[in-house]
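Chemist: here is my input, please return the structure:
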Amino acid sequence: MLAILILSLVTGSPPAASMMPGFMDAAKLQALCNAGGPDAKSGQSLCMGYVVGAMDQLMAQQARRETPRRTICPPKAMTANDAVMAVVKYSRFAATAKGIGASSFIRFAMEDTYPCQVGGVGQ
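Modeler: Presented below is the predicted three-dimensional model:
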């Protein structure tokens with residue numbers, strides 16, 4: 001899976017689909033994050049909650065890795081809104097990413113937005 005993610009970063013395309021039925025996909029997540037109209041606030045709140053939860057899990061995974069093997073190194077001052085904006089930045093991929101799990105898509109966005117430098121140290 002790591003090789004697919006690395007290849008996707010090099011080629012500029014999102015990771016391959018590997019989603020379980022019933023779970024949120026990248027396209028649905030983007031729809032929530034970019035919600036408009038009378039239900040905009042509830043959609044955007046669901047988006048933020050999903051992204052924050054996924055980031056919590058991703059950062060827990062990163063913390064268990066040795067520093068040189070870390071792939072996501074966000075700045076210490078990163079906010080929940082910064083994380084959502086990093087995901088929204090890739091909406092052009094998400095529009096055609098039906099079947100790609102939202103959590104995999106978030107990982108892709110974070111690894112591309114907040115890559116680690118040599119030795120696992122962030123920007």
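Chemist: name the nearest residue to the residue positioned nearest the centre of the chain, sequence neighbours excluded.
Modeler: For the chain, the residue nearest the mean C-alpha position is I106 (1.2 Å; Cα atoms, centre = their mean). Excluding the flanking residues, the one nearest I106 by Cβ to Cβ, 6 or more residues apart in numbering is A54, at 4.4 Å. All C-beta atoms are positioned from the backbone trio N, CA, C, and that covers glycine.
Chemist: give me the phi and psi for D25.
Modeler: Main-chain torsions, D25, degrees, to the nearest 10: phi -100, psi 170.
Chemist: which pLDDT value belongs to P15?
Modeler: Listed pLDDT for P15 reads 55.
Chemist: apologies, that question was intended for R69.
Modeler: For R69, the model assigns a pLDDT of 91.
Chemist: what pLDDT, on average, does the lengthiest helix in the chain get?
Modeler: Looking across the chain with DSSP state H, the single longest helix is helix 40-63. Helix 40-63 shows a mean pLDDT of 95.
Chemist: next SSE downstream of it?
Modeler: helix 80-88 (DSSP states H and E).
Chemist: could you measure from the most far-flung residue of the chain relative to its centre over to L32?
Modeler: In the chain, the residue that sits farthest from the middle, by Cα atoms, centre = their mean, is P38; the gap is 26.1 Å. Counting by Cβ to Cβ, to the nearest Å, the gap from P38 to L32 is 15 Å.
Chemist: then A63?
Modeler: Distance from A63 to L32, by Cβ to Cβ: 27 Å.
Chemist: more neighbours: those two, which one.
Modeler: L32 (21 against 8; other Cβ atoms under 10 Å).
Chemist: shouldn't the more buried one be within a strand?
Modeler: No. Assignment of L32 by DSSP: H, G, I helix; E, B strand; the rest coil gives helix, placing it outside any strand.
Chemist: once you drop chain neighbours, what's closest to T96?
Modeler: A27 (7.7 Å).
Chemist: the one you found sits in which helix or strand?
Modeler: helix 26-33.
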